[in-house]
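**Student:** Okay, predicted coordinates and the sequence, questions at the end:
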Amino acid sequence: MLEDKEQKRTSLDNLGEFGLIEHLTENFNLSHSSSKVGIGDDAAVLDYTDEKTVLTTDMLVEGVHFDLSYMPLKHLGYKAVMVNLSDVYAMNAMATQITVSIAVSNRFPLEALEELYSGIDLACKLYNVDLVGGDTTSSTKGMLISVTALGQVQDHKIAYRSGAKPNDLLVVSGDLGGAYLGLQVLEREKEVFKVNPNNQPDLSPYTYIVERQLKPEARKDVVELLEKLEVQPTSMIDISDGLSSEILHLSKSSKVGCNLFEDKIPLDPTVISACEEFKMDSTMVALSGGEDYELLFTIDQKDFEKIKGNPHLTVIGHMTEEKEGNHLITRANTKIPISAQGWNSFKEE
Ligand code: ADP
Ligand code: MG
């Protein structure tokens, strides 16, 4: 990070659009039988048979969603794919294809785009998805990257936001708050670097949370785990914005309420120590932080035995009748209404 390597810079002007697309995509192979034709024609040709197709798209804009002063391009490529795959997995589907569209200014050399595509390539290989197309265009300023992902799932296995019932258990994968705190660390180091560019930061105590921010992983493994455990989530969403707003999405779509237990929220020890350092409340960070890309879902109580004790899954609450509303039950056993903004509005209660 922040290192200044002597790098080769090949101007994009030398390649032309077709040369560039060919160069960036030549090593991508198709591995799914549903990918009949990928890059190279006017459109990709896909062949799905008995399953349903899910489709999702997300756009990342320089200066809004990422900052290239601490986000390596390889990580950006990887993350741009992850945020889309996460949405596919949140439908309980398996991702199969992606398209990648980029707009870049001529301030980026070819080598920068190679880095970006090496991250995309790694994501495709690790998550077994085919890159089947995209678009390449110039921008006057900055970089923009838009990924579309397709996935497949049997009709009866689709997990909508709207399926939760009162008394269903609320479950989350992994742990929360890390990505937000990783961002705080990176922002702080950026400010230090601006003042003293010779100061190389020691980020080793923060490896976990910085990785959560720069290299998030979509929870394909959780979808596979639920399948193996024979657990059908009654509703599901991925955590891109923060636990509180995702809970409210599930509750609203399902027309139910929710009780969330503060002492059950899973936190990594690094998150707890970073919260102490930044003088932040770890519950607030988990509720409002965002970008963790964990899965939040509900299950019928009869499935509790199947997930009990699983190290990847934590029961953090249960759904209620809609009229009961959405509440956080604190460690002190007080009941606080959950709001989408979490943070300040909590303090005012
Ligand atoms: P058209 O002019 O018909 O839109 P393009 O020249 O944009 O065709 O694209 C040619 C082929 O390359 C298409 O298959 C397209 O999907 C693919 N492609 C273009 N840009 C990208 C990209 N950035 N990443 C992956 N595939 C791309
Ligand atoms: Mg095009």
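**Tutor:** Thanks, I have the structure now. Ligands and ions are numbered 1, 2, ... in the order given.
**Student:** which secondary structure elements does the helix or strand harbouring E22 contact?
**Tutor:** Using DSSP states H and E, E22 sits in helix 16-25. Counting contacts by 3 or more CB pairs under 8 Å, 6 or more residues apart in numbering; DSSP states H and E, helix 16-25 is packed against helix 110-127, strand 130-138. Quick note: C-beta positions are derived from backbone N, CA and C, even for glycine.
**Student:** among the ones you listed, which is nearest ligand 1?
**Tutor:** Ligand 1 lies closest to strand 130-138 among these, at 2.8 Å (CB to the nearest ligand atom).
**Student:** Report the backbone C-alpha coordinates of the closest one in PDB.
**Tutor:** The C-alpha coordinates for strand 130-138 follow below in PDB (Å, rounded to 0.1, in the frame of the first residue of the first chain):
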ATOM      1  CA  ASP A 130     -17.500 -16.800 -16.400                       C
ATOM      2  CA  LEU A 131     -16.800 -13.300 -17.800                       C
ATOM      3  CA  VAL A 132     -19.000 -13.200 -20.800                       C
ATOM      4  CA  GLY A 133     -19.000  -9.600 -21.900                       C
ATOM      5  CA  GLY A 134     -18.900  -6.000 -21.000                       C
ATOM      6  CA  ASP A 135     -18.300  -2.500 -22.400                       C
ATOM      7  CA  THR A 136     -15.200  -0.300 -22.600                       C
ATOM      8  CA  THR A 137     -15.400   3.400 -22.900                       C
ATOM      9  CA  SER A 138     -13.400   6.500 -22.000                       C
END
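**Student:** tell me the angle that strand makes with helix 110-127.
**Tutor:** For strand 130-138 against helix 110-127, the angle by axes from the mean of the first three to the mean of the last three CA atoms, to 10 degrees is 160 degrees.
**Student:** so what strands line up beside strand 130-138?
**Tutor:** strand 94-104 (parallel) (DSSP bridges).
**Student:** how far off helix 16-25 does the strand it pairs with point, in degrees?
**Tutor:** Between strand 94-104 and helix 16-25, the angle comes out at 140 degrees (the same axes, to 10 degrees).
**Student:** Give me the distance from strand 94-104 to the chain's centre.
**Tutor:** Strand 94-104 has its C-alpha centroid displaced from the chain centroid by 15 Å (CA atoms, centre = their mean, to the nearest Å).
**Student:** for ligand 1, what are the nearby residues on the protein?
**Tutor:** Residues of the chain lying near ligand 1 by CB under 6 Å from any ligand atom: 21, 25, 39-42, 100-102, 131, 133-136.
**Student:** Quick one: buried ones out of those residues?
**Tutor:** Buried residues within these, defined by neighbour count using 16 or more other CB atoms under 10 Å: I21, T25, I39, V100, S101, I102, L131, G133, G134, T136.
**Student:** Quick one: residues contacting the second one.
**Tutor:** Residues touching T25, when contacts are defined by CB atoms under 8 Å, 6 or more residues apart in numbering, comprise I39, Y117, L131.
**Student:** Looking at strand pairing, list the partners for the first one.
**Tutor:** Partner residues in beta bridges with I39, using DSSP bridges, are D41.
**Student:** For H249, give me its contacts.
**Tutor:** R161, I237.
**Student:** List the buried residues in the helix or strand containing F304.
**Tutor:** Secondary structure assigned from DSSP H and E places F304 in helix 304-307. Of the residues in helix 304-307, I307 count as buried by neighbour count, 16+ other CB under 10 Å.
**Student:** Run through the neighbouring helices and strands of it.
**Tutor:** Partner elements for helix 304-307 (3+ CB pairs under 8 Å, 6+ apart): strand 313-321.
**Student:** got the CA positions of the strand it packs on in PDB?
**Tutor:** Provided in PDB are the C-alpha atoms of strand 313-321 (Å, rounded to 0.1, in the frame of the first residue of the first chain):
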ATOM      1  CA  LEU A 313     -23.600 -18.800  11.700                       C
ATOM      2  CA  THR A 314     -24.900 -16.900  14.700                       C
ATOM      3  CA  VAL A 315     -28.500 -16.500  15.800                       C
ATOM      4  CA  ILE A 316     -28.900 -12.800  16.700                       C
ATOM      5  CA  GLY A 317     -32.600 -12.500  17.200                       C
ATOM      6  CA  HIS A 318     -36.100 -13.500  16.100                       C
ATOM      7  CA  MET A 319     -38.900 -12.100  14.100                       C
ATOM      8  CA  THR A 320     -42.200 -10.900  15.700                       C
ATOM      9  CA  GLU A 321     -45.600  -9.700  14.700                       C
END
